[in-house]
Structure formats: C-alpha cells, structure tokens
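Trainee: For reference, the sequence and a predicted model appear below.
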Amino acid sequence: MRTQGLSRLLIVAAWCLAGALFVCLAVPAGEARGEVSILPVQTPDGGQIPYGFELPPPRQEAPAISIPPSNKPLGPEELKRAEALLPLLEGKQEFWAIGEFVHLGRPVVPVVIKALTMPGTRIRYNAIETLLLIKDPSAVPALIQVAKEPQDMPRVREHALRVAVRLDPALTPPAIEAMAKDQESAIRKVAAFEARYVRQKAVVPALIGLMADEERFVALTAIQSLWILTRHESEMHDWDISTRQDREEWTKEWIDWWKTDHDTFQFPEPRKPRAPLPQN
C-alpha cells in the first residue's frame, strides 16, 4: 500500500514538473518578466500595426438627411392641416407635431401663435418652444403678451420671456418692466435675469428697483445683471448677507448714478466668452 501511494505521488510530481518546464519554454523571456512583445505587421499603405489588430474602416461622409424648413406660403389644405396639429402639442405625439410645425417654417407662425391662448399648460409651453425652433422674430409681440399675463402659469410666462429675449431683445423691455412688479417672486427673478441680455436703457430702472426686493435672491440677480449690463463700479457691499433695509440704502447709490449719467450713458461692448483651454 505504501509503495502504491509513493508511486502516485511520484507520477503527480512528474506531471507538475513537466508542465512548469513547458510554460518556461513556451513563454519568451521578456514576457516572463512582465514585458509585452509586439509583432509588427506590414499594412497595405506601408505602415505597421500591432499583430492581432485591424485597421479601422476609412472615414465616410454621412449623407445629409435633414430637410430644410419651407418658406412657401401655406395653401388652404396645409393651413387646415396645421390647425389640426395644434391639439397634438400635448400628448404622445407632441414631439412629432413640433417637428411638423418646424418643417412648415415661418409661414406657420400665425397658426402656432393661436396655441398660446389655448387651454392646457403643456400646449402653450410647447408652442413657445416651437416658436423658438422656428426662430421668427415676428412671434415676439405674442410672446410678450404671454409673459405679461398674470393669470398664466409662471413656467409658461418665464419661458415666453426667455424665448422673446432670444428672438428680439429690443422689443422686450415692456415685458421686463411689467414682470419686475409681479407679485410672484419667481417672475421677478426671471425678469431680473433676462434683463442682462437686453441692451436697452429702459431695463436699467427696472433692475435698480429690484435691488431692494424683499426676496434676497431676486435682489442678487438684479445687481448681477446690472454689473454685467452696465459695468458701473459701485461701492462694494456684502449682498449675500444683506437685509432689505441694507438693500434699500444701497439702492440709493444706483438711483443717484442713473439720474446723473442717464443721458450720456452708453452700454459697453459685451464681453466675449473665454476661449476653451487647450486639451492635453
């Protein structure tokens, strides 16, 4: 029995030794030390790539599949179809409906404007988004009416002002002036924020009036917009921890400045965005 057990141990040891010897012979010395050896393979263009890798396929220009928006006046059938699309601005097909309006282009703007007074917050919001995508400044007067409407939802009014400012900021001071006096603090804040993109003197008094707002975040937005818009070097104050009484006192400095410089003030050129840092 002992002889048989010893024989089995000798056989197992012999197999282990043979396996270790095979590995040592099969693996190159460099790879055994953790180094990777790469066998270069000649490519058709004369270059070399590591063995086992294929060249990427040649770059191919993708065909243009976008369809430009139409600028042709809508015929009777197209007009009827466009009006039938208005209810679809709310629901599962809303994105498809927006795409259809965008494809019809600027001639469909009067139809989309009708959706601004339709019931359904989602319809009105998507109509505003559609007008932004069409990019027709003729929609701005209707958007201003929505922004000034105190009975509409705040998010609809805010979006209407944002889109109007991007389409034609010169027409938006009346909306900013009205929204700066709104009872809803969120509306006053969006008026203070969007005013920084409107280079019109009419928005400066509205912003100065918001500096003493009871809501500190509204006042902070107003003073930041004033700095961006005018670059007036005012006295330094800690607006972050200010009280309303502080803000009312500091507002007087801006009121005095505007009374003195209103007639001669010129908006400075907008600052250009910084160039992105180079990638390493």
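Mentor: Yes, it's here. Numbers count the residues shown, from 1 in each chain.

Trainee: can you tell me which residues contact the residue minimising distance to the centre of the chain?
Mentor: Geometric centre of the chain, nearest residue: Arg162, 12.5 Å, by CA atoms, centre = their mean. Going by CB atoms under 8 Å, 6 or more residues apart in numbering, Arg162 touches Val190, Glu194. Just so you know, the C-beta spots here come from the backbone N, C-alpha and C atoms, and that holds for glycine as well.

Trainee: Quick check: phi and psi on the closest residue to Pro87 other than its chain neighbours?
Mentor: Nearest residue to Pro87, sequence neighbours excluded (CB to CB, 6 or more residues apart in numbering): Ile123, at 7.3 Å. Main-chain torsions, Ile123, degrees, to the nearest 10: phi -60, psi -50.

Trainee: and Ile123, how far is that from Lys181?
Mentor: Distance of Ile123 to Lys181, given as CB to CB, to the nearest Å: 28 Å.

Trainee: Of the two, give the one with the bigger neighbour count.
Mentor: Ranked by neighbour count (other CB atoms under 10 Å), Ile123 and Lys181 place Ile123 first, with 22 against 12.

Trainee: I'd like to check which residues are in contact with that one.
Mentor: With contact set as CB under 8 Å, 6+ apart, Ile123 has these partners: Leu86, Pro87, Leu89, Glu90, Ala115.

Trainee: Turn the residues you listed into a markdown table, including pLDDT.
Mentor: Formatted as a markdown table, the contacts of Ile123 follow (pLDDT from 0 to 100):
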| residue | pLDDT |
| --- | --- |
| Leu86 | 94 |
| Pro87 | 94 |
| Leu89 | 94 |
| Glu90 | 93 |
| Ala115 | 96 |
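
Trainee: hmm, which of the residues you listed are the buried ones?
Mentor: Leu86, Leu89, Glu90, Ala115 (16 or more other CB atoms under 10 Å).

Trainee: The first one reaches Val111, doesn't it?
Mentor: Yes: Leu86 lies in contact with Val111 (CB atoms under 8 Å); the separation is 7.2 Å.

Trainee: sorry, back to before: closest to Val140 among the buried ones among the contacts of Ile123?
Mentor: Distance to Val140, by CB to CB, is smallest for Ala115 among the buried ones among the contacts of Ile123, at 15.8 Å.

Trainee: So which residues of the chain form strands?
Mentor: 40-42, 48-50 (DSSP state E).

Trainee: what is the mean pLDDT for the last one?
Mentor: Translated: strand 48-50. Mean pLDDT, strand 48-50: 53.

Trainee: how about the helices in this structure?
Mentor: Remark: helices assigned in the chain by DSSP state H are 2-26, 29-32, 76-85, 94-104, 109-114, 121-134, 140-148, 154-167, 173-179, 185-194, 203-210, 216-230, 244-261.

Trainee: so what's the spatially closest residue to Arg157 that is not a sequence neighbour up against?
Mentor: Using CB to CB, 6+ apart and skipping the chain neighbours, the partner closest in space to Arg157 is Ala147 (5.1 Å). Contact analysis of Ala147 by CB under 8 Å, 6+ apart lists Arg157, Glu158, Ala160, Leu161, Ala164, Ala175, Ala178, Met179.

Trainee: Of all pairs in the residues you listed, which one is the farthest apart?
Mentor: Greatest spatial distance among the contacts of Ala147 (CB to CB): Glu158 and Ala178, at 13.3 Å.
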